[in-house]
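[1] here you go, sequence then predicted model.
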Amino acid sequence: MDVLDARIVANRVGNRRRRVLEAMDVPRSFGGHCHKEVQESLVAQSSSSKSDQFTWKSLWALTVPNAVKTFSWKACYEALPNKENLRKKKVLEDTSCPFCLREKETLIHAIWDCPAAQDMWGCNLSPFQKCSWEVFSFRELFERSIYSFDKDKVELLVYVARAIWFRRNKTLFEGFFTHLDEVFYGALKALAEYKDCQQMEFPHNSSASNLNQNAHRAVWCLPPSGFIKINWDAAKIKADAHLAETIAALGEVKFSTEAGFFDAICEWDATKVVADINSEPPYLSNTSHFIENIHMEKLRLRSCLFVFAPREANLAAHTLAKEAICNKNYMCWLEDVPSNISSIVFREASVSLDP
């Protein structure tokens, strides 16, 4: 069995901005009881009152998608369907948190106080690790953050809060569990991508369809500060594609440990391999042996994320892997760029780094 893999390693430099890949989807329905609760809240307290102006101006001025602003606004008005709110509406009786099973599930508990949420806020990627505020509502959390943090950090806070809420819903209603580092990285990445999209300049004569295609074009982006990103792909000769990608994944984790990259993000364009590696044991596929070895190697790292990237965002590694089929010799470049992918790397660098 012959499997050829290609890897591209990148490190984030300083505080330079990363490139946008995608925009968050906008939820269309929050439930009738939530809509009614917002209306009741608006009658009791107008969001345009003088005492609230700074809070709402700060919220609507954030550079985040409208879906995140809407989520934050509803959360400030306690208008999301947590168990305590549903009890008040006589929808259910049991208000115990489905994760910690100790406290009743209020909104601030689900997003901030619950140990499951605190694990998210304290993960390796989080700048909120030392933030141990005792707050009693999401609005209090938001108002305290706008007085304590700069705008970028507040934007990350509301993005992560929404990600925690959506992770809670996926776990409860779909039985789909996502690792906390992956959720936080996804929020961090999506926020940077959205900001860069807002800064993209298009010719005035561009059609709406062209603008839409450009806005959703996937491109490579820098990893968070302190992390190494390893982009890789595999070219198969005698192995099936899925097996080839899995064997290459094992090689990437070993490469990371041998090179001393103890905080790594492994990114590639094989959806099924990503799903297999991020799934819970037992591993029942024909690649289970390699998956188990990947997790054994992963224990040697401090933090290692396995993330899917569209082909367009993994083009350099994909091109290098295809070229490797025609070359039987082992080749390695350090602080240099192979000539056959130089144009791709330089183009990605030009859109991933600020001038």
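    Everything's here; your move.
[2] ok so Pro224 is a strand residue?
    No - assessed with DSSP: H, G, I helix; E, B strand; the rest coil, Pro224 is coil; it does not lie in a strand.
[3] so for it, what's the pLDDT?
    Among the per-residue scores, Pro224 shows a pLDDT of 80.
[4] so it touches Gly186, yeah?
    No - counting by C-beta atoms under 8 Å, Pro224 stays clear of Gly186, with 11.5 Å between them. Placement of C-beta: from N, CA and C, glycine included.
[5] so where's the stretch 51-200 of the chain uncertain?
    Where the stretch 51-200 of the chain drops to pLDDT under 70, the residues are 51, 199-200.
[6] and stretch 93-106, how far out from the chain middle?
    Taking C-alpha atoms, centre = their mean, to the nearest Å, the mean C-alpha location of stretch 93-106 is offset from the chain mean by 26 Å.
[7] ok, residues contacting that stretch?
    The list of residues contacting stretch 93-106 from outside it, by C-beta atoms under 8 Å, 6 or more residues apart in numbering, reads 82-84, 87, 109-110, 113-116, 168, 171-172.
[8] what ranges does this protein have for its strands?
    Under the criterion DSSP state E, the chain contains strands at 3-11, 228-236, 263-268, 303-308.
[9] and the last one, what other elements does it pack with?
    Under the contact criterion of 3 or more C-beta pairs under 8 Å, 6 or more residues apart in numbering; DSSP states H and E, strand 303-308 touches helix 180-199, helix 241-259, strand 263-268, helix 271-278.
[10] quick one: mean pLDDT for the third one?
    Put plainly, it is strand 263-268. 85.
[11] neighbouring strands - and their directions - for it?
    Using DSSP bridges, strand 263-268 pairs in its sheet with strand 228-236 (parallel), strand 303-308 (parallel).
[12] about what we covered before: closest one to Met331 among the helices and strands packed on strand 303-308?
    helix 241-259 (14.3 Å; C-beta to C-beta).
[13] buried residues in that closest one?
    Using 16 or more other C-beta atoms under 10 Å as the burial criterion, the residues of helix 241-259 that qualify are 242-253, 255-257.
[14] same question for stretch 131-144.
    Going by 16+ other C-beta under 10 Å, stretch 131-144 has these buried residues: 131, 137-139, 141-143.
[15] and if you look at stretch 147-157?
    So stretch 147-157, judged by 16+ other C-beta under 10 Å, has buried residues 149, 154-157.
[16] and of the residues you listed, the nearest to Ala313?
    Leu156 (21.5 Å).
[17] do I have it right that that closest one meets Ala190?
    No - with contact defined as C-beta under 8 Å, Leu156 does not count as touching Ala190 (10.4 Å).
[18] report pLDDT for the closest residue to Ala234 other than its chain neighbours.
    Distance criterion C-beta to C-beta, 6 or more residues apart in numbering; nearest residue to Ala234, sequence neighbours excluded, is Ala248 at 3.7 Å. In this model, Ala248 is scored at 84, pLDDT.
[19] show me how the record splits this structure into domains.
    Domain assignment for the chain by automatic domain parsing gives 3-17+219-352, 32-199.
[20] wait, Ser303 sits on Asp263?
    Yes - taking C-beta under 8 Å as the definition, Ser303 is a contact partner of Asp263 at 4.7 Å.
[21] need the residues touching each of those two.
    Joint contacts of Ser303 and Asp263 (C-beta under 8 Å, 6+ apart) are 124, 227.
[22] how many residues are close by Ala324?
    Neighbour count for Ala324, taken as other C-beta atoms under 10 Å: 18.
[23] now do Ser342
    12.
[24] how much space separates the residue nearest to Pro282 when sequence neighbours are not counted from Thr246?
    Sequence neighbours aside, Ser288 is the residue nearest to Pro282 in space, at 7.5 Å (criterion: C-beta to C-beta, 6+ apart). Counting by C-beta to C-beta, to the nearest Å, the gap from Ser288 to Thr246 is 10 Å.
[25] same thing with Ser126?
    30 Å.
[26] repeat for Pro127
    34 Å.
[27] do the same with Cys123
    As judged by C-beta to C-beta, Cys123 and Thr246 stand 26 Å apart.
[28] over to Lys229?
    20 Å.
[29] likewise Thr55?
    The gap separating Thr55 from Thr246 is 50 Å, by C-beta to C-beta.
[30] go on, Cys221?
    Relative to Thr246, and taking C-beta to C-beta, Cys221 is found at 25 Å.
[31] Cys326 too?
    Taking C-beta to C-beta, one finds Cys326 at 23 Å from Thr246.
[32] thinking again about what came up before, in JSON lines, list the helices and strands packed on strand 303-308 along with distance to Pro65.
    Output for the helices and strands packed on strand 303-308, formatted as JSON lines (distance: least, C-beta to C-beta, whole Å):
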{"stretch": "helix 180-199", "distance to Pro65": "6"}
{"stretch": "helix 241-259", "distance to Pro65": "32"}
{"stretch": "strand 263-268", "distance to Pro65": "23"}
{"stretch": "helix 271-278", "distance to Pro65": "24"}
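[33] that concludes my questions; thank you for your assistance.
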